[in-house]
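Q: next come a sequence and a model predicted from it.
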Amino acid sequence: MAAGLLKCAILAAGMSSRLGPLTEHLPKSCLAIDEGVTMLERNLRILELCGFEEVLIVTGHAGHAIEDFVEQRASQTRLTTLHNSDYSVMNNIYTCYLLRDFLDEDTLIMNSDLVIGKGIVELAAEMVRTSDESFMMVDDRNPLDEESMKVHVDMDMLITRVNKSLEIEKSHGEYIGILRLSKSDIPIFLESTEGLLEAGETGLYYEDAIDRSSDKLTVRSVSTEGVPWTEVDTLADLNTARGIAKSLKSEIIT
C-alpha cells in the first residue's frame, strides 16, 4: 500500500492550437473557466482538498505564465515546475518521460486540461492509499466518439488496450487523463516510453507507451462513477467546462 506523501504530476506543456488565439500566448490550463478561476487553479484546489502534498507541473508552451503563477501562489502543497523545452517538436509522450525522477507509486499523473468533479480525485486518492495496483480513471457511462481515448478491458477489468483508434463498439469506456503506476509498472512504462522515443516516435501520446506494453503491465480500469468531467481541446469543450465548473463551484470553495 502507498505509505508516502500523495503527489501529483500535471502535464501542461502542449500548444493547444485548436483553441486559436485564446492560447497563442497562454497555456490552456491558464484559461479562466469560472469568474477568473483557471483550470489549473481549480485542479490545484481539488488536489489540496483531497490531501495531495506535492505537485509538479511540467510546462512548455508559454510556460512563463504557469511559472509566474506558481511563484506567486500561496499554496498548501509543495508546488514546483519542470520545463519541457522540446514541447513544440514532441508530444506528451516526452513530457511524461521527463517525470522519470519524480515518479513513484504515490504519484498521480494528470492532464492539465481537465475540468472534473472532486469525486474523481477522491476516488483516485483512495486507490493510491489503499491499493498497490496501477490504474487509469475511465468514464464508462458516457457515449464514446472518434476523439475519445478508448480502452479495452478483460474480464478482471484490467486494461488490454488504450488508443483513440479502437472500435467504439468494443470499448469499455474513455480514459480521462488520470493515471497511477505501481512500483513494478513504472520501470516497464519508462522502458516502453524510452524505446518509442529512441525509435523517433516523438509524436505519440504517453498512452501509446502503455498500449504497446499492456501485455507486461497490470493496469486496472477504475470507473469515474458518473462524476462530471470534461477535457478541453476546443471552444465547444471550453463552454462545456465552464458549465461544469459553475455547477460544481461549491466543491472548491476553501
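A: Done, it's in.

Q: pLDDT score for residue 74?
A: Predicted confidence (pLDDT) for residue 74: 89.

Q: burial measure for it, as a count.
A: 5 (other C-beta atoms under 10 Å). All C-beta atoms are positioned from the backbone trio N, CA, C, and that covers glycine.

Q: and it, that one's in a helix?
A: No: judged by DSSP: H, G, I helix; E, B strand; the rest coil, residue 74 forms no part of a helix; its state is coil.

Q: tell me how many other residues crowd residue 101.
A: Summarising burial for residue 101: neighbours were counted as other C-beta under 10 Å, giving 8.

Q: what does the one 3 residues further on give?
A: The local packing of residue 104 (other C-beta under 10 Å) involves 14 other residues.

Q: return the set of buried residues in the helix or strand encompassing residue 196.
A: Taking DSSP states H and E as the definition, residue 196 sits inside helix 186-198. Buried residues in helix 186-198, defined by neighbour count with 16 or more other C-beta atoms under 10 Å: 186, 188-190, 192-193, 196-197.

Q: so which elements touch that helix?
A: helix 92-97, helix 206-212 (3 or more C-beta pairs under 8 Å, 6 or more residues apart in numbering; DSSP states H and E).

Q: rerun at 6 Å
A: Judged by 3 or more C-beta pairs under 6 Å, 6 or more residues apart in numbering; DSSP states H and E, helix 186-198 is in contact with helix 206-212.

Q: what's the helix it packs on packed up against?
A: helix 92-97, strand 159-163, helix 186-198.

Q: in JSON lines: the ones you listed, plus mean pLDDT and distance to residue 48.
A: Putting the helices and strands packed on helix 206-212 into JSON lines (pLDDT from 0 to 100; distance: least, C-beta to C-beta, whole Å) gives the following:
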{"stretch": "helix 92-97", "mean pLDDT": "96", "distance to residue 48": "23"}
{"stretch": "strand 159-163", "mean pLDDT": "98", "distance to residue 48": "29"}
{"stretch": "helix 186-198", "mean pLDDT": "97", "distance to residue 48": "25"}
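
Q: relative to residue 59, which of those is closest?
A: Proximity to residue 59 (C-beta to C-beta) singles out helix 92-97 among these, at 9.4 Å.

Q: how far off centre is that closest one?
A: 12 Å (C-alpha atoms, centre = their mean, to the nearest Å).

Q: buried residues, it. List them.
A: 92-97.

Q: just give the nearest non-adjacent residue to residue 27, would you?
A: residue 62 (5.1 Å; C-beta to C-beta, 6 or more residues apart in numbering).

Q: isn't the one you found up against residue 24?
A: No: with contacts counted by C-beta atoms under 6 Å, residue 62 stays clear of residue 24, the gap being 8.4 Å.

Q: please name the bridge partners of residue 83.
A: residue 59 (DSSP bridges).

Q: ok, it to residue 104 distance?
A: For residue 83, the distance to residue 104 equals 21 Å [C-beta to C-beta, to the nearest Å].

Q: now do the contacts for the residue nearest to residue 27.
A: Neighbouring residues of residue 62 by C-beta atoms under 6 Å, 6 or more residues apart in numbering: 25-27.

Q: repeat that for residue 6.
A: Counting by C-beta under 6 Å, 6+ apart, residue 6 touches 51-53, 106.

Q: quick check: phi and psi at the residue nearest to it when sequence neighbours are not counted.
A: Closest residue to residue 6 apart from its sequence neighbours, by C-beta to C-beta, 6+ apart: residue 52 at 4.5 Å. Main-chain dihedrals, residue 52, degrees, to the nearest 10: phi -80, psi 130.

Q: same check on residue 220?
A: Backbone geometry at residue 220, expressed as degrees, to the nearest 10, gives phi -90, psi 140.
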